[in-house]
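Asks: sequence plus the predicted model coming up.
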Amino acid sequence: MTAATDEHGPDGSATDAMSPMVLVDELPSPIGPLTLTVRDGRVCLLHFGPRDSYVDRALARWYPGVAAAAGTAPHVREMLDSYFDGNIAALDRIDVEFNGTPFQRRVWDALRSIEAGATTSYAALAHVVGAPRAVRAVGAANGANPVAVIVPCHRVIGQEVAARARGAAFRAVSLGPRFSVLGPRSWI
């Protein structure tokens, strides 16, 4: 899930030798343009927006001296299209290459283990990565996630948000149609 077990070229296709380049693919999506970078068949950056200086700086920092070439990543495009069409599990079929500290990589690995449709808290995630007192560091790693959407940082919520959501659900059930002026379940 997080690293390719077989060898792929930058376009996601099988190859015998690893390429010393990074492929940069710009694609449309329902949430706006995306730029993804792929190295050896693994996504190393998914940027919200067109290619810009942020993408180039990140690549220069992570892969100094490695060429970046424009192209397409058919497998990743297909999986993202499937995800945006409602197949949430499609993201699990995208290999990623994490560029971060060992702690950040542990957090990002743990994020990929959160099931689709589920949420967790920063505190619970800190326990999962073996650092129960590092809740803020987990939050910082979550915020530094370079492959958001594929690595689902959006599934981590603060404990206060979870408590408010449970409270809203309780009020909706206990008050029924009176909970909303628009009618029952209009808040869903």
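Replies: Noted; the coordinates are in hand. Numbers count the residues shown, from 1 in each chain.
Asks: quick one: low-confidence parts of the protein?
Replies: Applying pLDDT under 70 to the chain picks out residues 1-19, 159-188.
Asks: what are the ranges of the helices in it?
Replies: Ranges of helices in the chain, per DSSP state H, are 53-62, 74-84, 102-112, 122-128, 135-143, 159-175.
Asks: ok, which of those comes nearest Val149?
Replies: Closest to Val149 of the helices of the chain is helix 74-84 (CB to CB; 7.6 Å). Every residue, glycine included, has its C-beta placed from N, CA and C.
Asks: what about the closest one, distance to the chain center?
Replies: In terms of CA atoms, centre = their mean, to the nearest Å, the centre of helix 74-84 is found 13 Å from the chain centre.
Asks: one more: stretch 123-133?
Replies: Chain-centre distance of stretch 123-133: 19 Å, with CA atoms, centre = their mean.
Asks: roughly how far does Arg106 sit from Pro146?
Replies: From Arg106 across to Pro146, the span is 15 Å (CB to CB, to the nearest Å).
Asks: tell me the contacts of Leu91?
Replies: Going by CB atoms under 8 Å, 6 or more residues apart in numbering, Leu91 touches Met79, Tyr83, Ala116, Val149, Ile150, Pro152.
Asks: next, work out how far apart it and Val128 are.
Replies: For Leu91, the distance to Val128 (CB to CB) stands at 19 Å.
Asks: how many other residues sit next to Ala69?
Replies: Neighbour count for Ala69, taken as other CB atoms under 10 Å: 10.
Asks: who is it paired with across the strands?
Replies: Taking DSSP bridges as the rule, Ala69 bridges to Leu23.
Asks: for the closest residue to Gly71 other than its chain neighbours, which residues are in contact?
Replies: Leaving aside its chain neighbours, Gly71 sits nearest to Leu23 (4.6 Å; criterion: CB to CB, 6 or more residues apart in numbering). Residues near Leu23 by CB under 8 Å, 6+ apart: Pro10, Asp11, Thr37, Val38, Arg39, Ala68, Ala69, Ala70, Gly71, Thr72, Ala73.
Asks: so which of these comes closest to Pro28?
Replies: Of all those, Thr72 has the smallest distance to Pro28: 12.3 Å, by CB to CB.
Asks: quick one: contacts for the closest residue to the closest one other than its chain neighbours?
Replies: Closest residue to Thr72 apart from its sequence neighbours, by CB to CB, 6+ apart: Asp25 at 5.2 Å. Applying CB under 8 Å, 6+ apart to Asp25 gives the contacts Thr35, Leu36, Thr37, Val38, Ala70, Gly71, Thr72, Ala73, Val76, Arg77.
Asks: give me the buried subset of these.
Replies: By neighbour count, with 16 or more other CB atoms under 10 Å, these hold Thr35, Leu36, Thr37, Val38, Thr72, Ala73, Val76, Arg77 as buried.
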